[in-house]
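Engineer: sharing a model that was predicted from the sequence below.
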2 protein chains.
Amino acid sequence: MTQVATAAAGSVPVAATDLGVGMRFSVHPHCDDFVEVILGSLADAAELASTAGLTVESDEVSTYVGATSATAERDIVHYLTAMVVSASRRSGGGHVVAQVLLSRGCPGEASCDLRTVELPRVAPVDLRPTGLSCVAQWSLYPLLDGDSGVGDHMSYIEAAIAAARVRGVAAAPQHYATKLSGDVADVLSTVADAWTGVGAEVPHVVTHLTLAVGSPSSPAGGVR
Amino acid sequence: MTQVATAAAGSVPVAATDLGVGMRFSVHPHCDDFVEVILGSLADAAELASTAGLTVESDEVSTYVGATSATAERDIVHYLTAMVVSASRRSGGGHVVAQVLLSRGCPGEASCDLRTVELPRVAPVDLRPTGLSCVAQWSLYPLLDGDSGVGDHMSYIEAAIAAARVRGVAAAPQHYATKLSGDVADVLSTVADAWTGVGAEVPHVVTHLTLAVGSPSSPAGGVR
C-alpha cells in the first residue's frame, strides 16, 4: 500500500460497531423453482445468523445483513458463504449467481474523519474450503473525500488487486472489475480481506462482487 | 450540488471518447431455459449495438459494453433497456434481474486531473416508456482522490438521490442503496443522468444497479 494514512496523535479509535458494517446481497438460482431455492437457503442459514447476532432483512430485490459484533466482517462473510453453498446444493449444482455489496464505513460522520480517528484493523477471514468452485468479478471502491489528504483512490485498488494475485485467485483484469476464480471460500476471503484492509485506512469502503457457480459457460460447460 | 468543481483557466476539455465510458452487466432469468433467454436477448440487441458502434463482449460472468461515440452514455443505456425488455419478453414475463455497473472516467490518468481538464457534460438520456415496471436498488460512487479538493463524496450522492426523488422514481433509502421503482425507462434514465451528472464534476464515477422485473415478491406476487 503506497498510501498510508496516519491517525493524528491522540486520535480516538472507532469501534467496529460504529462503522456500519454490513452487506446487501441477492442469490439468483437460474431455475424454475428459484423461490424454493432462495427461501430454503435463507432458512438453512438462519441459525448461523441468529448465533452471530446478525440482522437479516429480505425485501423484493435483495437481503440486507447487518452486524455489530467485534467480528462483524467475519460473521457476514461466513453467512454469505453458507448462503452460496446452500443455494448451490438446493439447485442441484445448477447455475447460481450471488450479487454482493459489502460496506464498511461511516459516510458523512464527522466522527469518522480520518484525520481525527483511528480506524480498527480486523483479522483476516477464516473460511474453510467449501469444495465448490466459482468464477467472480470484483470491484473495490475506496470512497475518499477530496480534502482527506490520503492519496488517490486507484492506489488502494491496485494494492488490493496485487494482494489477490499473490493469493492465487486473481485471474485477470477486466474492464471495471478483476476476475477471480477458485474455491468459493478463497474468493470470498480475498474480497473480504481487501475490503477490511482498505477499511483500516479509508473510513468508507464498498466492494461489489458477482460470483457464479455452476455456470454452463465455464470451461466445463457448453453454452459458449 | 453543493460541491462544484471549477476547471482551471485554459483547461483542456476531455473528449467523451477518452473517458472510458462503458458498462458491465448480467441478466439473470430465473427459469430453467435461462441460456436461451440470455443468448436470445443478446441476439435481439445485436443490431442496436452494431448501429451504435458498441463493443459487446460476453464472458462466463457478465457482458462488457464499451462505447466511444459522442453519445456513448446514451447508446449504452438504450442497449441496456433493450436487453431488459427482451429478456423479460423471452422469459414470458417471468422473474428477470439485471445487474449493472456503469463506469465513466479515467482513473489514474494524469490527463484527467480535475484541476487541469474540463469534463464534458452530456445531455439527459432520452428513453421512451417501455410499459415494463421494475423495482431496483441503486448505489453511486464518486471516486475522488484525497487531494483533489473537490468536496466530500457523500454530497454528490445525496444530490443525486434528491434529483431522483424529484423525478418520482426514488422510493426509499435503504442500507447502502436507494430503492427505485417505476417504468424501466424512467429508472434507467434516472440512474444514467445521475451518473453523467456527477461525471461532469468528478473524473471517475461508477454506479451499480440491481433491477428486477416480474418479481414474485413484489406487491402483486406471493412469495413473501
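Structural biologist: Happy to help now that I have it.

Engineer: quick one, strands of chain A?
Structural biologist: Counting by DSSP state E, the segments of chain A that form strands are A:12-13, A:22-29, A:55-58, A:63-66, A:96-104, A:117-118, A:133-142, A:170-174, A:177-183, A:205-213.

Engineer: save these as CSV, and put in mean neighbour count and distance to chain B too.
Structural biologist: Any C-beta I mention is one placed from the backbone N, CA and C, and that applies to glycine too. Shown next, in CSV, are the strands of chain A (neighbours: other C-beta atoms under 10 Å in any protein chain shown; distance: least, C-beta to the nearest C-beta, whole Å):
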stretch, mean neighbour count, distance to chain B
strand A:12-13, 12, 20
strand A:22-29, 24, 4
strand A:55-58, 14, 7
strand A:63-66, 20, 5
strand A:96-104, 26, 5
strand A:117-118, 18, 15
strand A:133-142, 25, 5
strand A:170-174, 15, 7
strand A:177-183, 21, 6
strand A:205-213, 24, 5
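
Engineer: and these as CSV, adding mean pLDDT?
Structural biologist: Putting the strands of chain A into CSV (pLDDT from 0 to 100) gives the following:
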stretch, mean pLDDT
strand A:12-13, 67
strand A:22-29, 97
strand A:55-58, 97
strand A:63-66, 96
strand A:96-104, 97
strand A:117-118, 73
strand A:133-142, 96
strand A:170-174, 86
strand A:177-183, 96
strand A:205-213, 97
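
Engineer: got TSV for the ones you listed, with distance to B:Val187 too?
Structural biologist: Converted to TSV, these look like this (distance: least, C-beta to C-beta, whole Å):
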stretch	distance to B:Val187
strand A:12-13	41
strand A:22-29	17
strand A:55-58	21
strand A:63-66	20
strand A:96-104	17
strand A:117-118	37
strand A:133-142	21
strand A:170-174	26
strand A:177-183	23
strand A:205-213	19
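
Engineer: out of those, which is closest to B:Cys134?
Structural biologist: strand A:22-29 (14.2 Å; C-beta to C-beta).

Engineer: against which helices or strands is that closest one packed?
Structural biologist: helix A:34-44, strand A:63-66, helix A:72-90, strand A:96-104 (3 or more C-beta pairs under 8 Å, 6 or more residues apart in numbering or on different chains; DSSP states H and E).

Engineer: state the number of residues packed around A:Asp123.
Structural biologist: Check again: residue A:123 is Ala, not Asp. 10 (other C-beta atoms under 10 Å in any protein chain shown).

Engineer: whoops, I mixed them up, A:Gly93
Structural biologist: 11.

Engineer: ok, it - contacts?
Structural biologist: Taking C-beta atoms under 8 Å, 6 or more residues apart in numbering or on different chains, we find A:Gly93 in contact with A:Gly214.

Engineer: let me know the pLDDT of A:Glu109.
Structural biologist: For A:Glu109, the pLDDT comes out at 48.

Engineer: make that A:His204, sorry
Structural biologist: What the model reports as pLDDT for A:His204 is 90.

Engineer: quick check: phi and psi at it.
Structural biologist: Dihedral angles of A:His204 (phi, psi; degrees, to the nearest 10) stand at phi -120, psi 110.

Engineer: skip the chain neighbours and tell me the closest residue to it.
Structural biologist: In space, and not counting its chain neighbours, A:His204 is closest to A:Gly105: 3.1 Å by C-beta to C-beta, 6 or more residues apart in numbering or on different chains.

Engineer: distance of the one you found relative to chain B?
Structural biologist: Applying C-beta to the nearest C-beta, to the nearest Å, the value for A:Gly105 to chain B is 10 Å.

Engineer: surely that residue and A:Val14 touch.
Structural biologist: No: using C-beta atoms under 8 Å, A:Gly105 is not in contact with A:Val14, being 9.7 Å away.

Engineer: who touches the spatially closest residue to A:Asp75 that is not a sequence neighbour in this structure?
Structural biologist: Once flanking residues are discounted, A:Asp75 sits nearest to A:Ala52: 4.0 Å by C-beta to C-beta, 6+ apart. Going by C-beta under 8 Å, 6+ apart, A:Ala52 touches A:Ala67, A:Ser69, A:Thr71, A:Asp75, A:His78, A:Tyr79.

Engineer: and which of these is nearest to A:Gly214?
Structural biologist: Of all these, A:Gly214 sits closest to A:Tyr79, with 20.5 Å by C-beta to C-beta.

Engineer: just give the number of residues close to that closest one.
Structural biologist: Neighbour count of A:Tyr79, defined by other C-beta under 10 Å: 22.

Engineer: tell me the pLDDT at A:Asp126?
Structural biologist: For A:Asp126, the model assigns a pLDDT of 90.

Engineer: if I look at it, how far off is A:Ala45?
Structural biologist: 18 Å (C-beta to C-beta, to the nearest Å).

Engineer: equivalent analysis for A:Leu54, please.
Structural biologist: 9 Å.

Engineer: what do these two both touch?
Structural biologist: In contact with both A:Leu54 and A:Ala45: A:Tyr79, using C-beta under 8 Å, 6+ apart.

Engineer: the residue nearest to A:Val77 when sequence neighbours are not counted: how many residues sit nearby?
Structural biologist: Leaving aside its sequence neighbours, A:Val77 sits nearest to A:Ala192 (C-beta to C-beta, 6+ apart; 4.5 Å). Neighbour count of A:Ala192, defined by other C-beta under 10 Å: 27.

Engineer: quick one: contacts for A:Ala192?
Structural biologist: By C-beta under 8 Å, 6+ apart, the residues touching A:Ala192 are A:Glu73, A:Arg74, A:Ile76, A:Val77, A:Leu102, A:Val125.

Engineer: right, and the fourth one touches A:Pro124 too?
Structural biologist: What it means is A:Val77. No: if you go by C-beta under 8 Å, A:Val77 and A:Pro124 don't touch, sitting 10.4 Å apart.

Engineer: okay, those two: which has more neighbours?
Structural biologist: Between A:Val77 and A:Pro124, A:Val77 has the larger neighbour count (other C-beta under 10 Å), namely 26 against 13.

Engineer: return the distance of the more buried one relative to chain B.
Structural biologist: Distance, A:Val77 to chain B, using C-beta to the nearest C-beta: 16 Å.

Engineer: A:Ala185 now?
Structural biologist: In this view, A:Ala185 and chain B are 18 Å apart by C-beta to the nearest C-beta.

Engineer: tally of neighbours for A:Ala162?
Structural biologist: By the other C-beta under 10 Å criterion, the neighbourhood of A:Ala162 contains 11 residues.

Engineer: cool, and the one 5 residues further on?
Structural biologist: Using other C-beta under 10 Å, A:Arg167 has 15 neighbouring residues.

Engineer: which residues touch it?
Structural biologist: With contact set as C-beta under 8 Å, 6+ apart, A:Arg167 has these partners: A:Asp186, A:Ser189, A:Thr190.

Engineer: what is the burial count for the last one?
Structural biologist: When counting by other C-beta under 10 Å, one arrives at 27 neighbours for A:Thr190.
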